[in-house]
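Novice: Fold the following, please.
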Amino acid sequence: MGKESVDTPYDEQALPAYAPMEWSLKEIRGAIPPRLFERHTGRALLYLARDLIVASTFWALAIWIDPMSSSPHVQRLLTPRGAQLFKWSAWMVYWWFQGLQFTGLWVIGHECGHSAFSPHGLVNDTIGYILHSALFTPFFSWKYSHHRHHSNHASMERDEVYVPKTRSDLGIPQEVHDESIYEEIFGDTPIYTLFMLIRQQLLAFPAYLLFNVSGQKHYPKWTNHFDPSSIIFNKNQKNAVIMSNIGLLSMIAFLTWASNVWSFADVVKYYGIPWLCVTHWFILITYLHHTDPTLPHYRGPEWNFQRGAAATLSRPVLGWQGRFFLHDVAHFHVIHHFFPMMPWYHGEEATQYLKEFIGPHYAWSDKPIFPALWDSYNRCQFVEDHGTSSSAFLTIKVSSPPGNVLFYRDKRGRAVRRPAEKPTPAS
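Specialist: Okay, here's the model as predicted:
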């Protein structure tokens, strides 16, 4: 949508109408060849081996950065200042690509959590546990909550993460007659917004694991992924949660040992900063998958699994780098939500069948990721409390029907889509 003139009245009835899909999951699955659901352990292991070889190669090359930049020959050739510029430029290249490769390994662990890596449960759990523990993710704990997220995506009552704030959550009156109320609530400076966005990118995942930030609001205080008795888990999952904690404690012990053998600075350079990049890429990708003003959320009976699966976006994040390093996790994300156990290497072909079947219900955007991140962060502020569009804004005409299909509103209370009116049943 183009920018509206400030003086143009906002008419919600003029917005594009959205009607949720009516197909069953069985019908959608039937449109995709069965061979694309087959999992091949050998093929998946080749991807894992490739990732480990690439990560090891990056690591081996990085070992030469400091000695090379401090060698007399390079100092004479580039001058001391030029050698320092070369040194930190080389480290930045390493951090970028190793961060992407670490994220790719994290994605392999994520596929293991969905049992998409192999048809053998022990293989999935063993590889996923090792990879995610090495990247400070509690494998089993996150696997369980992530499964609940997939099972309930876009449900306001049951989804696990990226649950939108409501009008009441932010203290916005139901009947707004003065847009200055929105300015009081959302009147952040661009610098403050940028600071909050950077904070989200670096801290959102740890905050979710530790404090349930962006999770279900009805969960008790102190809900987290490390307490075996947390509401997130059932009694049968207690021992696996403890195993996840042991994996993270083992990683802390290993990094402490590595810091003593080499140095804390070396651990930060070779591992710490690439790990921060994993957190950044993982949050950016998942946030942009699930947070967009065009995507619906549902309350009550309007929700079902396939509608929730369609309420996400595929994005060609980082082009060829996203395809090679990140295993298409962003490029073909919608098909992953419909069929989480489908191997990622079948995602591209399966997506073509999905798009052909569900047509306009397939959501995709090629907007550059950082402008998209800024746009979504500013435009996706809240949804209505009860799926109704009953607020009367000063310059806004609202006459959408009651319902339980919700769209994000921006800092002026405006949406970009509205629920389609349901036909009146024949008497």
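Novice: What mean pLDDT does the helix or strand harbouring F195 get?
Specialist: Element membership for F195 (DSSP states H and E) is helix 190-211. On average, the pLDDT along helix 190-211 is 85.
Novice: tell me what it is packed against?
Specialist: Packing contacts for helix 190-211, counted by 3 or more Cβ pairs under 8 Å, 6 or more residues apart in numbering; DSSP states H and E, involve helix 273-290, helix 369-379. For glycine as for every other residue, the C-beta is placed from the backbone atoms N, C-alpha and C.
Novice: Same list (these) but as a markdown table, adding distance to A116.
Specialist: Converted to a markdown table, the helices and strands packed on helix 190-211 look like this (distance: least, Cβ to Cβ, whole Å):
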| stretch | distance to A116 |
| --- | --- |
| helix 273-290 | 17 |
| helix 369-379 | 24 |
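Novice: Of these, flag the one that's most buried.
Specialist: Sort these by mean neighbour count, taking mean count of other Cβ atoms under 10 Å, and helix 273-290 sits at the top with a mean of 21.
Novice: Next, the angle from that one to helix 190-211.
Specialist: Angle between the axes of helix 273-290 and helix 190-211 is 100 degrees (criterion: axes from the mean of the first three to the mean of the last three Cα atoms, to 10 degrees).
Novice: Touching the next helix or strand after helix 273-290 from outside, list them.
Specialist: Using DSSP H and E, the helix or strand that follows helix 273-290 towards the C-terminus is strand 296-298. Contact partners of strand 296-298, identified using Cβ atoms under 8 Å, 6 or more residues apart in numbering, comprise 18, 20, 154-156, 164, 307-308, 311, 383, 404-407, 417, 419.
Novice: Whichever of these end up buried, select them in PyMOL.
Specialist: PyMOL command restricting the contacts of strand 296-298 to the buried ones, with burial defined by 16 or more other Cβ atoms under 10 Å:
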select buried, resi 18+20+154+155+156+164+307+308+311+383+404+405+406+407+417+419
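Novice: Identify, from the contacts of strand 296-298, the entry nearest to I231.
Specialist: Within the contacts of strand 296-298, the smallest distance to I231 is 16.4 Å, found for S155 (Cβ to Cβ).
Novice: so that closest one sits right up against G308, yeah?
Specialist: Yes: contact criterion Cβ atoms under 8 Å: S155 and G308 qualify, at 6.2 Å.
Novice: gap between Y144 and L276?
Specialist: Using Cβ to Cβ, to the nearest Å, we find Y144 at a distance of 25 Å from L276.
Novice: hang on, I meant F338
Specialist: Separation of F338 from L276 (Cβ to Cβ): 32 Å.
Novice: need the helices for the stretch 1-150 of the chain, in chain order.
Specialist: In the stretch 1-150 of the chain, the segments counted as helices under DSSP state H, counting those that start in this stretch are 25-30, 41-62, 65-70, 72-113, 121-134, 139-151.
Novice: Give me the contact list for the last one.
Specialist: Taking contacts as Cβ under 8 Å, 6+ apart, the residues outside helix 139-151 that touch it are 109-110, 112-114, 125, 128-129, 131-133, 158-161, 209, 225-226, 232-233, 237, 240-241, 243-245, 247, 305, 337, 340.
Novice: And that helix, what's buried?
Specialist: Counting neighbours by 16+ other Cβ under 10 Å, the buried set in helix 139-151 is 139-146, 148-150.
Novice: could you point out where the stretch 151-300 of the chain is predicted with low confidence?
Specialist: For the stretch 151-300 of the chain, applying pLDDT under 70 flags the ranges 175-180, 182-184, 187, 189.
Novice: Select, out of the helices of the stretch 1-150 of the chain, the one closest to F195.
Specialist: Closest among the helices of the stretch 1-150 of the chain, using Cβ to Cβ: helix 72-113, at 21.5 Å.
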